[in-house]
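**Q** kindly return the folded structure for what I paste below:
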Amino acid sequence: MENKAQASLLASFAADALALGAHWVYNTNVIDKKLGRVERFVKPFTSYHATKELGEFTHYGDQMMVLLETCSDSGGFELNHFSTKWQALFEDYTGYVDKATKGTLANFAIDEDPEKSGSESDDLAGASRISPLVYCYKDQPQQMIAGVRAQTAMTHNQSDVIDSAELFARVTLAVLDGKTPCEALKAVLKSDFNRPPFIEQIHSGLDSVSADTRSAIDDFGQMCEIEAAFPATIHLIAKYENNLKEALVENVMAGGDSSSRGMIVGMVLGAYLGIEAIPDEWLTEMKQYRHIIELLKK
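**A** Got it, this is the predicted structure:
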């Protein structure tokens, strides 16, 4: 399990780094013309991430790094420690700061504690950075679930986002335990999430596997909100169940909020396919790769 658990985490980081170049570009023709087929890391060409270099992370990946660092520091997840380091990240942050982050920082500024600090954002991104907790608590599922819900609620205090974090954590754990991603999705839906909106959204994603990915994600919506991003993520997991690279490349080429979708897709498919499924250059060109490995050794 250890090999695939590490692959799950590394693929989640790699997905964010791959998405950086075209993140939040909604016109896919522009991606085609400016970047071609994005199979390797590229420097971003939009103003959102103008301060970033090839192989770095978006602000989503940077927050996931803080989560990994705090788990390594403490030997597990401590909400107060995570909130302190998360706030420190944004004290002099030179990258993009989104509305969820601004709302959460404003709540911290009026002395809200991390259990009450979350913004009202319904973006999937709050649920996308959970792979360090899945890795840390792969043998302790109840602690895993408590951690993923708490870290998500700290910035995204919206029930569907918090529940989605739990759902994808359970799916990844089921994959690590031997199920295929599609089997895991169906099992978790039946046992823990057999209710709206997850019934419709999971089935919509699964039913779309025969569709072209750009068309499917365009139909679901390319935006950050969970209503669009959740079924689009299911589509990618199911359609490319046996091909992590193709899943993450097609995710980027579909445009929009490719980072939040990709981080979850990478986590789930990395857990299924292992380290061999991640292209070597996605690891060697990742700026924080060695730092991640050192943290995992702790």
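
**Q** doesn't Ile145 make contact with Arg170?
**A** Yes. In this structure Arg170 lies within contact range of Ile145 using C-beta atoms under 8 Å: 7.3 Å. For every residue, glycine as well, the C-beta is placed using N, CA and C.

**Q** ok, the two, which is more surrounded?
**A** Using other C-beta atoms under 10 Å as the criterion, Arg170 and Ile145 rank with Arg170 on top: 23 against 18.

**Q** ok, Asp123 - contacts?
**A** Residues near Asp123 by C-beta atoms under 8 Å, 6 or more residues apart in numbering: 98, 100, 156, 161, 224-226, 229, 257, 260.

**Q** rebuild those as JSON lines, extending it with neighbour count.
**A** Listed next are the contacts of Asp123 as JSON lines, based on neighbours: other C-beta atoms under 10 Å:
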{"residue": "Asp98", "neighbour count": "20"}
{"residue": "Ala100", "neighbour count": "23"}
{"residue": "His156", "neighbour count": "28"}
{"residue": "Val161", "neighbour count": "27"}
{"residue": "Cys224", "neighbour count": "21"}
{"residue": "Glu225", "neighbour count": "16"}
{"residue": "Ile226", "neighbour count": "25"}
{"residue": "Ala229", "neighbour count": "30"}
{"residue": "Asp257", "neighbour count": "27"}
{"residue": "Ser260", "neighbour count": "29"}
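
**Q** next up, the contacts around Gly221.
**A** If you count contacts by C-beta under 8 Å, 6+ apart, Gly221 has them with 227-229, 232, 256.

**Q** distance of it relative to Phe230?
**A** Distance of Gly221 to Phe230, computed by C-beta to C-beta, to the nearest Å: 10 Å.

**Q** and if you look at Asn29?
**A** 26 Å.

**Q** who has more neighbours out of these two?
**A** For Asn29 versus Phe230, neighbours defined as other C-beta under 10 Å are more numerous around Phe230 (27 against 9).
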